[in-house]
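# sequence-free structure coming up:
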């Protein structure tokens, strides 16, 4: 199972290296990593997606707390969250296929950010599932390049679990 871990750290040189080193020494892969300033000056938020079972994640959490600059560690996998990712996607686009690609991008609320002679570059923002879906749909045109930021997430203060609501909606239709 993939876990989403949110870590608040002091914004100092070498913190990310120590965290990555901790994972590497234990043979764990970080599938997604996003780092940026948090709400308080001098604090950064690291959001990681890490594969592993609950016991492995619990062990990693304990190890993270042992690092000097780590302030808070949360496994937010099962917590209602707002999750987003940014992706830039360069797709082959001929004069024949260009309008179809633009139409598909509008369905996914993607924006065209660059137009080349034989390509379009799209900006897509959304949950990781949306990223997979648009890549699948546009794959038949030929994808030249992809750049993804990795997932960022914040716990929902409302406590509303949108994944639960999606499942309820799907069950109601069946």
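Received the coordinates, thanks. Treat the numbers as computed from the prediction; the structure is a model and nothing was measured. Numbers count the residues shown, from 1 in each chain.

# count of neighbours near residue 137?
By other CB atoms under 10 Å, 14 other residues sit near residue 137. C-beta: built from backbone N, CA, C; applies to glycine.

# and residue 2, how far from residue 108?
Using CB to CB, to the nearest Å, we find residue 2 at a distance of 22 Å from residue 108.

# so for the two, which residue has more residues nearby?
Neighbour tally, residue 2 and residue 108, criterion other CB under 10 Å: the higher count belongs to residue 108, 17 against 12.

# ok, the nearest residue to the more buried one once chain neighbours are set aside - contacts?
Distances taken as CB to CB, 6 or more residues apart in numbering place residue 134 nearest to residue 108, at 4.7 Å, with adjacent residues excluded. When contacts are counted by CB atoms under 8 Å, 6 or more residues apart in numbering, residue 134 touches 87, 89, 104-105, 108, 110, 122, 124.

# which residues of the chain fall in strands?
2-10, 32-37, 43-51, 70-75, 81-92, 111-115, 119-126, 143-148, 152-155 (DSSP state E).

# and the protein, what are its domains?
Structural domains assigned to the chain are 2-78, 82-153, following automatic domain parsing.

# any chance of the strands of the chain in a markdown table, plus mean pLDDT?
Output for the strands of the chain, formatted as a markdown table (pLDDT from 0 to 100):
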| stretch | mean pLDDT |
| --- | --- |
| strand 2-10 | 95 |
| strand 32-37 | 93 |
| strand 43-51 | 95 |
| strand 70-75 | 96 |
| strand 81-92 | 95 |
| strand 111-115 | 97 |
| strand 119-126 | 97 |
| strand 143-148 | 96 |
| strand 152-155 | 92 |
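
# with distance to residue 100 added, can I get those in CSV?
Shown next, in CSV, are the strands of the chain (distance: least, CB to CB, whole Å):
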stretch, distance to residue 100
strand 2-10, 33
strand 32-37, 30
strand 43-51, 32
strand 70-75, 42
strand 81-92, 11
strand 111-115, 13
strand 119-126, 11
strand 143-148, 15
strand 152-155, 31
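
# so which of the ones you listed comes closest to residue 61?
strand 70-75 (4.9 Å; CB to CB).

# quickly run through the sheet partners of that closest one, with directions.
strand 2-10 (antiparallel) (DSSP bridges).

# distance of residue 108 from residue 92?
To residue 92, residue 108 is 17 Å away according to CB to CB.

# likewise for residue 158?
Residue 158 is 42 Å from residue 92, where distance means CB to CB.

# please say which of the two ends up with more neighbours.
residue 92 (17 against 9).

# show me what contacts that one?
Shown in contact with residue 92 (CB under 8 Å, 6+ apart): 118-119, 141-144.
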